[in-house]
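Undergrad: Fold the following, please.
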Amino acid sequence: MQLEDTIDKLAKGLGGALILVGVVVLGMVEILAGQPYGAAPVTNDAGEVVATPMVDPTLRTGLVIAGLVVLFLWGLYKMALPEEVARDDRTKAPAGN
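TA: Here you go, the predicted structure:
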């Protein structure tokens, strides 16, 4: 039972951390870096790139997708585990009746 608890904590922690880094941490880096805030490079009328985002949007998207994949695989793992049979002694009739 201890192994299942460790795997559960590890999967939830890793998946959540990847998603938080991709959305929150790198989002804060973008805000602190200043304009532009969008994912696409900013161009002028001539088509020249005048500003690009600090963090590549592909990296941010990859981190979020990796976190979702970890959580999805953990969910499949949990579904594949056999159901534990709960031992409930209350369902037995008392010996005196």
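
Undergrad: Worst mean pLDDT across the helices and strands of this protein, which element?
TA: Scoring the helices and strands of the chain by mean pLDDT, DSSP states H and E places strand 49-51 at the bottom, with a mean of 78.

Undergrad: got the contact list for that one?
TA: 35-36, 41-44 (CB atoms under 8 Å, 6 or more residues apart in numbering). Any C-beta I mention is one placed from the backbone N, CA and C, and that applies to glycine too.

Undergrad: Kindly provide the distance from the residue nearest to L73 when sequence neighbours are not counted to G75.
TA: Once flanking residues are discounted, L73 sits nearest to A11: 7.5 Å by CB to CB, 6 or more residues apart in numbering. Remark: distance between A11 and G75 (CB to CB, to the nearest Å) = 9 Å.

Undergrad: tell me the strands in the protein, going along the chain?
TA: In the chain, the strands defined using DSSP state E lie at 42-43, 49-51.

Undergrad: Now do the first one: everything it contacts.
TA: Residues external to strand 42-43 that are found in contact with it (CB under 8 Å, 6+ apart): 35-36, 49-52.

Undergrad: sorry, back to before: out of the strands of the chain, the one nearest L26 is which?
TA: Closest to L26 of the strands of the chain is strand 49-51 (CB to CB; 17.3 Å).

Undergrad: quick one: strands adjacent to the closest one?
TA: Its sheet considered, strand 49-51 pairs with strand 42-43 (antiparallel) by DSSP bridges.

Undergrad: what residues are up against K78?
TA: D8.

Undergrad: longest helix of the chain?
TA: Secondary structure of the chain read by DSSP state H shows that its longest helix is helix 57-80.

Undergrad: If we go by neighbour counts, what in that one is buried?
TA: Of all the residues in helix 57-80, those buried under the rule 16 or more other CB atoms under 10 Å are 60, 63-64, 66-67, 70-71, 74.

Undergrad: would you turn the strands of the chain into JSON lines with distance to E83 and mean neighbour count?
TA: Below are the strands of the chain laid out as JSON lines (distance: least, CB to CB, whole Å; neighbours: other CB atoms under 10 Å):
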{"stretch": "strand 42-43", "distance to E83": "55", "mean neighbour count": "12"}
{"stretch": "strand 49-51", "distance to E83": "55", "mean neighbour count": "11"}
